[in-house]
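# This is a predicted model, with the sequence first.
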Amino acid sequence: MPEGSEKYSARQATTAAEPAPSGIRKVKACTTCRTQKLKCDMPGESVSASISQLQTAVGILLRTSNLPPLSAYSSSKPAVQIQQDDHSNVDDDNGEAVPIASSVDKTDGDIYSSPINSLYEVTKGKAHSIPLGTTVQRDYTKTDFIAQGLISLETAESFFQSFTSRLGWFCYGIMCPHQSLESLRGSSTVLTAAVCTVAALHDPEASSLFRVCQMEYRNLVASKMFATAHSADDVRALIIGAWWLGNISYTLHGHATRIATSLNYHLAYYEAIKGCTISRDKARLWYVLYVMDQHSSILYGRPAIISSKNEPCQEWERFIAAGGGGEPDIRVSSQVALYAVTTKLKDILDGLPRQLVPQHFLHQLRPYFHELDRWYMVWGNRMQINPYIGSFSTDGAILNYHFARLHLCSYIFRGMSVEAARNASQEVRDYATVAIDSATATVELVLGRNGLRDALVGMPLYFHGMIIFAAVFLLKAVDTHFLGMVNIDAVKNITLVENLGLAMRSHGAARQHLTYHVSRGLEKMVTDTRARLSEQTAKDHGRLATSAYQQQASDIHISLDTSPQLDMMDNLFTLDAFDIFQQPIECNDASLFAQKLDWEATGTFQRDIN
């Protein structure tokens, strides 16, 4: 034995024999088990029975759910990261996770900044879990819902191609900047779910997959509701949902606007007009949010969130010029310009809620309608044919023109009683004619343009809402004869709405798509209107046999009996968008799919009963 080894062995034996100091607990578990708070199985001991039971139970659950075996999942990250999607490429103002709030501004040396930043500076400390500027690297392709087997990779690829080659262009072609599904999955799980959900909604063979994708999308959005770090892909994912998913559109739009504001997207315009590419992308998203805000305000009758008086919403030509005048910028700017006109009148009339517009103010409304005419003449000629969605841009401009005219007319009849309508001035009658003409033109345009008929499955919710608004208005006008203010062609109006309902269901989509739900509602309304009209005609003929007064009334096409539910003229222009958008049909509802419908060259629908 080498020299000194006996002394070393003696010291080691003595140390081992000495008792441990009091107050110090002897730790037997390894570091990993202590972190996970698990029982540590040391070498030579058996595997914990509880872990073995857990693995068995998970394996059974995976098999019964037709999911990959447990060995297919990564063991390096907890599964909960699927629900908490921290982005690997966060190019926006990532805030730190602090007890109170995230810093809004990056500059700490400013003498004055947002008041919340002072509170942030005072409260920040070691509690930060995500230091500012930290880039979190994660590979979502191994853990997302596609990797879990909820949908196959081939199906996801098909959905991605469907969205990028057509559907995404209905939202200006800026919602999915990724060139491949792999890039999309690696960047954002929630944006991947949004793309797959919307693509499945527009696929006639994907009704069941739509349920899976939508549930995943909603779970991901809900899990990020209180997150402090967000990216542009988060905003895009919320916009996609709000653009197409009717039952959650209103909520998603509000959440997207709050996130975009926290990322200073409302200020991106000022850097975009200087040529900053990154700011330009943010400014585009902010413009889309502004357009959607106006859509929601019109559809739901709620105040708009984003002010239309700021420079970005007034200087759209500078924005277009700074970017070279590309098609997406022209399309979204045309909408900004349109609502610059309509909001001026809305700001005035919204100050008189449920009140009749004064007679002396009616002639002052003419310039606003003239501005709408100028808007159409300017922007209608600037729209281009899109290789992905054809003439939807140009046809959509015409629809928006008629939508705006009809919507502004609704303010004129707000608060007007039936008695006041019977004694209306000529100016009011002229606006009634404008309303009927705009509603009729809307439905005729949809039925008469191939591009718009094809776009019934693909166009955003706002277009569906306003088309149905026009159709329902025409039926109500038939029911009430518009109290004699306008001559109503009952047969023409009913036929238009009936054909619109048939057109809605003539194109393939998942069974949860809004068009099926709407078509059923329109057909029921047409049937009820025809029945009431026949009943009223029979009553009128009975009265004509005994009274010359009724004969005179019949000659000018005014029914002596108005619809019993019409107590105010507002009812002619009332459409509950929440009721329309929040009642999608169920997958097992086969009543809407028992007939095959074809559009004939003659412009009429023929039913081919199977």
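Arrived safely, thanks for sending.

# residue contacts, residue 383?
Contacts for residue 383 were tallied using CB atoms under 8 Å, 6 or more residues apart in numbering; they are 330-331, 334, 393-394, 396-397. Every residue, glycine included, has its C-beta placed from N, CA and C.

# Pick out the most distant pair among the residues you listed.
330 and 396 (12.4 Å; CB to CB).

# The two: who's more crowded?
residue 396 (24 against 18; other CB atoms under 10 Å).

# Show me the strands in the stretch 451-600 of the chain, by range?
For the stretch 451-600 of the chain, the strands defined by DSSP state E, counting those that start in this stretch cover 595-599.

# where do the helices sit along it?
Secondary structure of the stretch 451-600 of the chain (DSSP state H, counting those that start in this stretch): helices at 461-480, 490-504, 514-544, 548-555, 577-581.

# One more: the stretch 201-350 of the chain?
With DSSP H, counting those that start in this stretch, the ranges of helices along the stretch 201-350 of the chain come out as 207-223, 232-244, 249-262, 268-272, 277-300, 316-322, 327-349.

# Tabulate the helices of the stretch 451-600 of the chain (TSV), appending mean neighbour count, distance to residue 437 and mean pLDDT.
Formatted as TSV, those follow (neighbours: other CB atoms under 10 Å; distance: least, CB to CB, whole Å; pLDDT from 0 to 100):
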stretch	mean neighbour count	distance to residue 437	mean pLDDT
helix 461-480	24	11	93
helix 490-504	21	12	95
helix 514-544	16	20	82
helix 548-555	12	24	42
helix 577-581	18	23	52
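
# Would you convert the ones you listed into CSV that also reports distance to residue 148?
Formatted as CSV, these follow (distance: least, CB to CB, whole Å):
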stretch, distance to residue 148
helix 461-480, 30
helix 490-504, 35
helix 514-544, 29
helix 548-555, 68
helix 577-581, 30
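
# Go through the helices of the stretch 201-350 of the chain and pick out the most buried.
Counting by mean count of other CB atoms under 10 Å, helix 232-244 has the highest mean neighbour count of these, with a mean of 26.

# So what touches it?
Contacts for helix 232-244 (CB under 8 Å, 6+ apart): 87, 91-92, 167, 170-171, 175-176, 187-188, 190-191, 193-195, 197-198, 201, 217, 221, 224, 248-250, 252-253, 255-256, 259-260, 263, 265, 281-282, 285, 288-289, 292, 460-461.

# can you list the weak-confidence ranges in this structure?
Within the chain, the stretches with pLDDT under 70 are 1-50, 60, 62-114, 116-121, 123-139, 351-354, 538-610.

# So residue 287 sits against residue 331, correct?
No: contact criterion CB atoms under 8 Å: residue 287 and residue 331 do not qualify, at 9.9 Å.

# my read: residue 201 touches residue 512, true?
Yes: with contact defined as CB under 8 Å, residue 201 counts as touching residue 512 (6.5 Å).

# Quick check: phi and psi on residue 513?
Main-chain torsions, residue 513, degrees, to the nearest 10: phi -70, psi 150.

# ok, the closest residue to it other than its chain neighbours to residue 457 distance?
The shortest distance from residue 513 to any non-neighbouring residue, by CB to CB, 6 or more residues apart in numbering, is to residue 201 (5.8 Å). When distance is defined by CB to CB, to the nearest Å, residue 201 is 9 Å away from residue 457.

# Check residue 165 too.
Distance of residue 165 to residue 457, computed by CB to CB: 15 Å.

# higher neighbour count, these two?
Set residue 165 next to residue 457 and count neighbours by other CB under 10 Å: residue 457 wins out with 21 against 11.

# which residues does that one contact?
So residue 457 contacts 202, 507-509, 513, 515 (CB under 8 Å, 6+ apart).

# again, but for residue 445
Listed by CB under 8 Å, 6+ apart, the contact set of residue 445 reads 395, 398-399, 402, 452.

# any idea which of those is closest to residue 417?
residue 402 (27.3 Å).

# So what's the residue count around residue 487?
Close neighbours of residue 487, defined as other CB under 10 Å, add up to 12.

# So that it lines up with my notes, have the first residue be 448 from now on.
Okay, using 448 as the starting number, the last item reads as residue 934.

# Can you tell me the element residue 608 falls in?
If you go by DSSP states H and E, residue 608 is part of helix 600-612.

# Which secondary structure elements does that helix sit against?
Packing contacts for helix 600-612, counted by 3 or more CB pairs under 8 Å, 6 or more residues apart in numbering; DSSP states H and E, involve helix 628-634, helix 636-648.

# about what we covered before: out of residue 648 and residue 959, which sits in the busier spot?
residue 648 (26 against 22).

# Could you pull up the contacting residues of that one?
Residue 648 neighbours (CB under 8 Å, 6+ apart): 657, 661, 691-692, 956-957, 959-960.

# can you list the contacts of residue 892 in JSON lines and add neighbour count and secondary structure?
JSON lines is the format used below for these (neighbours: other CB atoms under 10 Å; DSSP: H, G, I helix; E, B strand; the rest coil):
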{"residue": "842", "neighbour count": "21", "secondary structure": "helix"}
{"residue": "845", "neighbour count": "17", "secondary structure": "helix"}
{"residue": "846", "neighbour count": "23", "secondary structure": "helix"}
{"residue": "849", "neighbour count": "23", "secondary structure": "helix"}
{"residue": "899", "neighbour count": "22", "secondary structure": "helix"}
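
# so which two of the residues you listed are the farthest from each other?
849 and 899 (12.0 Å).

# Show me what stretch 626-645 is in contact with.
529, 532, 534-536, 586-588, 591-593, 598, 603-604, 606-607, 610, 614, 623, 625, 657, 660-661, 663-664, 667-668, 671, 678, 680-681, 683-685, 687-688, 690-692.

# Spatially nearest residue to residue 775 (excluding sequence neighbours)?
Per CB to CB, 6+ apart, closest to residue 775 is residue 619, 4.4 Å.

# now the one you found: how far from residue 719?
For residue 619, the distance to residue 719 equals 15 Å [CB to CB].

# Also residue 739?
Residue 739 is 19 Å from residue 719, by CB to CB.
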